[in-house]
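A.B. asks: All I have is the shape, not the residue letters:
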């Protein structure tokens, strides 16, 4: 049974689920503002996480939503 779950801005949850391959899709939103600092969405790890771009959606506000899915081979 597939369960759809969305958790906006929960970096801690992403860090907990990633090592167990429990995330099917990532949808980071990019805002056209440079703040010069911030926390990483993805944890630092010696293993490479390969993501494939599945879709991109741009809005009139300048916000862009990228949809990535795990998979593919490292380059």
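C.D. replies: That came in fine, so what should we check first? All values derive from a computational prediction rather than experimental measurement. Numbers count the residues shown, from 1 in each chain.
A.B. asks: What pairs with the helix or strand encompassing residue 56, parallel or antiparallel?
C.D. replies: Residue 56 belongs to strand 51-58 when elements are defined using DSSP states H and E. For strand 51-58, the paired strands and their directions (DSSP bridges) read strand 64-70 (antiparallel).
A.B. asks: Pull out the buried residues from the worst-scoring helix or strand of the chain on mean pLDDT.
C.D. replies: The weakest-scoring helix or strand in the chain, judged by mean pLDDT, DSSP states H and E, is helix 11-17 (a mean of 83). For helix 11-17, burial by neighbour count (16 or more other Cβ atoms under 10 Å) applies to residue 14. C-beta coordinates here come from the backbone N, C-alpha and C atoms, glycine included.
A.B. asks: ok, residues contacting it?
C.D. replies: Helix 11-17 has contacts (Cβ atoms under 8 Å, 6 or more residues apart in numbering) with 7, 23, 26, 39, 40, 41, 42, 43.
A.B. asks: following it, which helix or strand comes up?
C.D. replies: Next element after helix 11-17 (DSSP H and E): strand 29-30.
A.B. asks: name the helices or strands packed onto that following strand?
C.D. replies: Where contact means 3 or more Cβ pairs under 8 Å, 6 or more residues apart in numbering; DSSP states H and E, strand 29-30 is packed against strand 64-70.
A.B. asks: Can you give me every residue that contacts the residue sitting nearest the centre point of the chain?
C.D. replies: Central residue of the chain (Cα atoms, centre = their mean): residue 26, 3.6 Å from the mean position. Shown in contact with residue 26 (Cβ under 8 Å, 6+ apart): 14, 51, 67, 68, 69.
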